[in-house]
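> Have a look at this prediction, sequence included:
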Amino acid sequence: MDRSQSTGNNSVFIISVILTLIFIVWGVFFTDNLAKVTNSIYNGSIDYLGWVYLGATLFFVIFSIYLLFSKYGDIRLGKNTDRPDFNTGSWLAMLFGAGMGIGIVYWSVAEPVTHYTNPPIGEGYTIDAANTAMKYTFFHWGLDPWAIYTVIGLALAFFQYNKKLPAAISSAFYPILGDRIYGPIGKTIDVLSIFATVFGIATSLGLGAMQVNAGMHDLFGVPNALVVQLIIIAVATVLFIISINSGLERGIQFLSNAAMILSFAIMLLIMIVGPTMTIIKVLFNTTGLYISDFIHMSLRLNPFGKGEWIASWTLFYWAWWIAWAPFVGMFIARVSKGRTIKEFVIGVLLVPTLGTCLWMSIFGGTALQIVQNTGNHELATYITENVSLAIFTFFDYLPLSAFLSILGFAVVAIYYITVADTATFVLGMLSEGGTLNPSNKIKMTWGVFQSAVAAVLLLAGGLDVLQTASIAAALPFTIILIVMCYSLLKGLKSEKEAQRSAKRSVRHI
């Protein structure tokens, strides 16, 4: 099934670059029009197709859990003799950095406080609002995003290592399309995946630039302004292009491990100097609420009232994770060779979910207690209106605030470079027909382009346009992911049958 992809490589790369360039030109010269069009697509997607995002994402959770306990759990990604290229700690650090990265730092204080002031149900600034705020924060950062990554990462790894197909999104459809994955249909899937990835990454790079700027403002008094954010993107582009040349094993693994060590250090410090018992209680209480209300939250659309809250939060998140899925899935597949499907699902679905819930309990639970103890609604309002500054404002109310701010700034900066670095690596793989080691030239090209898209989206309206663009880009890929699940099941079934045949052959010898 392995074959030359030289012609396909060029066409996928060229078409993707042309589409990205058109978008950049559109954003630079027709900024208002870009904001208007993306907002129209966003409203249409939410009003008429929000149920698609909700239903699909819940399905991915159920499908991932099914795979964990299914008869396919012992299938190894690769040959039976293959073993993982990376130790478990580095593997978890890399997939966590790629899957969440800067987003979890950006929203860990701002989201719980925002839900506390404006909950989806009931009155704000109450004990019930605090519980609801933490419950929905767990929901938005828990099983659902990691299930999306599990589905696509597992499909890509399986067809890449077990069926010897190129590391391309289209390869996951071989049981359905056969050799047509090398033709126009397959190329269309790959182009759509690249386009979704560029927007998903641009959203995170835009958020990252805003938060790096916020950290510089907090630590060094640098103005918190759009011009500074654009300069940050430009400088970061140079830095991660330098990092690209050090390769996957050195550059990305080193950055991911460094970010994870610093993240653990911050969590441990806050556990010690912060309200330790409150954090533990928040973790246990919110886990119970999250589990008991999971199905209701997963399907909640508020058909007889206004759905602005759900659109602004849940649907935005689901679309954002789906837009990220090609990038994160491809990267997770790249670093997961040699693991069994059971190990893969535990490592990609369950362990990161537990880690995320712990992080949110520490940051969100502490932030809510600070807001409640001060009794100052102005503090909560300031956090909700200055999201990029939220985590640094939060540090100001803790002991060792200056040290925590420095550590926080370091984590944000490293995650920022790590996401950009892994994104260029994956975009290179996608646009070079699935090669496991894309050329530096292609990676550098995508590094410049994805930074340009992030800059254009910031120019077009900051966070709001970043959010709407990611939702608009994610819709077609949602359908692709659903079909991918069916294709993966067909592939796993044929693999299991092949294993049984091989065992029977051995017995007859």
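That came in fine, so what should we check first?

> where's the residue lying closest to V348 once chain neighbours are set aside, which helix or strand?
Nearest residue to V348 in three dimensions, chain neighbours excluded: T150, at 4.7 Å (C-beta to C-beta, 6 or more residues apart in numbering). C-beta coordinates here come from the backbone N, C-alpha and C atoms, glycine included. Assessed by DSSP states H and E, T150 sits inside helix 143-161.

> What is that helix packed up against?
Contact partners of helix 143-161 among helices and strands, from 3 or more C-beta pairs under 8 Å, 6 or more residues apart in numbering; DSSP states H and E: helix 31-69, helix 88-99, helix 316-334, helix 341-345, helix 351-374, helix 463-508.

> Tell me which of those helices sits most buried.
Most buried of the helices and strands packed on helix 143-161 by mean neighbour count (mean count of other C-beta atoms under 10 Å) is helix 316-334; its value is a mean of 27.

> before we move on, back to that, quick one: neighbours of the residue nearest to V348, just the number.
T150 has 29 neighbours, counted by other C-beta atoms under 10 Å.

> Contact partners for it?
Residues near T150 by C-beta atoms under 8 Å, 6 or more residues apart in numbering: F60, S64, L67, F344, V345, V348, L349.

> one step back: quick one: closest of the helices and strands packed on helix 143-161 to K281.
helix 351-374 (7.9 Å; C-beta to C-beta).

> Where in this structure is the helix or strand with the lowest mean pLDDT?
helix 247 (a mean of 54; mean pLDDT, DSSP states H and E).

> what's around G206, how many residues?
27.

> now the residue positioned nearest the centre of the chain: how far from V335?
The centre of the chain sits closest to G99, judged by C-alpha atoms, centre = their mean, with a distance of 4.0 Å. Distance of G99 to V335, given as C-beta to C-beta, to the nearest Å: 12 Å.

> what's the answer for L92, then?
Distance of L92 to V335, computed by C-beta to C-beta: 10 Å.

> same thing with I201?
Per C-beta to C-beta, I201 is found 18 Å from V335.

> These two - which one has more neighbours?
Set I201 next to V335 and count neighbours by other C-beta under 10 Å: I201 wins out with 29 against 23.

> The more buried one reaches V419, doesn't it?
Yes: using C-beta atoms under 8 Å, I201 is in contact with V419, at 6.9 Å.

> still on that earlier bit, quick one, the helix holding T150 and helix 463-508 angle?
50 degrees (axes from the mean of the first three to the mean of the last three C-alpha atoms, to 10 degrees).

> in stretch 132-149, what's buried?
132-149 (16 or more other C-beta atoms under 10 Å).

> Count the neighbours of V273 for me.
15.

> Now for it: which residues touch it?
So, once contact is read as C-beta under 8 Å, 6+ apart, V273 ends up touching L398, P399, L400.

> and the second one, how far is that from P275?
Relative to P275, P399 is positioned 12 Å away (criterion: C-beta to C-beta).

> Now do the contacts for A367.
V109, P112, V113, I383, A390, F394.

> Verify the contact between the last one and V109 for me.
Yes: under the criterion of C-beta under 8 Å, F394 lies in contact with V109, with a separation of 4.5 Å.

> Out of the contacts of V273, which comes closest to D85?
The closest of these, once distances to D85 are taken by C-beta to C-beta, is L400, at 38.0 Å.

> Distance check, that closest one against L407.
Counting by C-beta to C-beta, the gap from L400 to L407 is 9 Å.

> who has more neighbours, these two?
Neighbours per residue (other C-beta under 10 Å) separate L400 from L407, with L407 holding more: 17 against 14.

> any idea of the pLDDT on that one?
Looking at L407, its pLDDT stands at 92.

> Quick check: it vs I189, distance?
For L407, the distance to I189 - C-beta to C-beta - is 42 Å.

> Next: S40.
With distances taken as C-beta to C-beta, S40 is found 26 Å from I189.

> F449 now?
In terms of C-beta to C-beta, F449 sits 20 Å off from I189.

> average pLDDT for stretch 281-296?
97.

> residues contacting the closest residue in space to N386 that isn't next to it in sequence?
Closest residue to N386 apart from its sequence neighbours, by C-beta to C-beta, 6+ apart: T393 at 7.2 Å. Contact analysis of T393 by C-beta under 8 Å, 6+ apart lists V109, D218, L379, Y382, I383, N386.

> quick one: contacts for the residue lying closest to V52 once chain neighbours are set aside?
Once flanking residues are discounted, V52 sits nearest to T478: 6.1 Å by C-beta to C-beta, 6+ apart. By C-beta under 8 Å, 6+ apart, T478 lies in contact with V52, Y53, A56, I322.

> quick one on the thing from earlier: next, show the common contact partners of F394 and V109.
Joint contacts of F394 and V109 (C-beta under 8 Å, 6+ apart) are F363, A367, I383.

> Identify the residue with the minimum pLDDT among those.
When these are compared, I383 shows the smallest pLDDT, 93.

> secondary structure element for that one?
helix 377-385.

> what packs against that helix?
Counting by 3+ C-beta pairs under 8 Å, 6+ apart, helix 377-385 packs on helix 110-117, helix 351-374, helix 390-395.

> Which one of those helices lies nearest to A460?
Here helix 110-117 is closest among these (C-beta to C-beta), at 21.8 Å.

> in that closest one, what's buried?
A110, E111, P112, V113, T114, H115, Y116, T117.

> quick check: mean pLDDT across the helix or strand that that helix is followed by?
Next along the chain after helix 110-117, taking DSSP H and E as the criterion, comes helix 127-141. Averaging pLDDT along helix 127-141 gives 97.

> which helices and strands sit right next to helix 127-141?
helix 102-107, helix 110-117, helix 276-292, helix 294-299, helix 351-374.

> ok and that helix relative to helix 276-292, angle-wise?
Going by the same axes, to 10 degrees, helix 127-141 makes 70 degrees with helix 276-292.

> Dump helix 127-141 to PDB, restricted to CA.
Extracted as PDB, the C-alpha positions of helix 127-141 are listed here (Å, rounded to 0.1, in the frame of the first residue of the first chain):
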ATOM      1  CA  ILE A 127     -21.900  29.100  46.200                       C
ATOM      2  CA  ASP A 128     -24.000  27.300  43.500                       C
ATOM      3  CA  ALA A 129     -22.400  29.500  40.900                       C
ATOM      4  CA  ALA A 130     -18.900  28.600  42.200                       C
ATOM      5  CA  ASN A 131     -19.700  24.900  42.000                       C
ATOM      6  CA  THR A 132     -21.200  25.300  38.500                       C
ATOM      7  CA  ALA A 133     -18.200  27.300  37.300                       C
ATOM      8  CA  MET A 134     -15.700  24.500  38.300                       C
ATOM      9  CA  LYS A 135     -18.000  21.800  36.900                       C
ATOM     10  CA  TYR A 136     -18.100  23.400  33.500                       C
ATOM     11  CA  THR A 137     -14.400  24.200  33.500                       C
ATOM     12  CA  PHE A 138     -13.700  20.500  34.100                       C
ATOM     13  CA  PHE A 139     -16.200  19.700  31.300                       C
ATOM     14  CA  HIS A 140     -14.600  22.000  28.700                       C
ATOM     15  CA  TRP A 141     -11.000  20.800  29.500                       C
END
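
> what's that helix in contact with?
The contact list for helix 127-141, computed with C-beta under 8 Å, 6+ apart, reads 100, 104, 107, 111-117, 119-123, 282, 285-287, 289-290, 293-294, 297, 313-314, 317, 356-357, 360-361, 364-365, 368, 372.

> Same check on stretch 62-70?
G73, W146, A147, T150, V151, L154, I341, K342, V345, I346, L349, C485.
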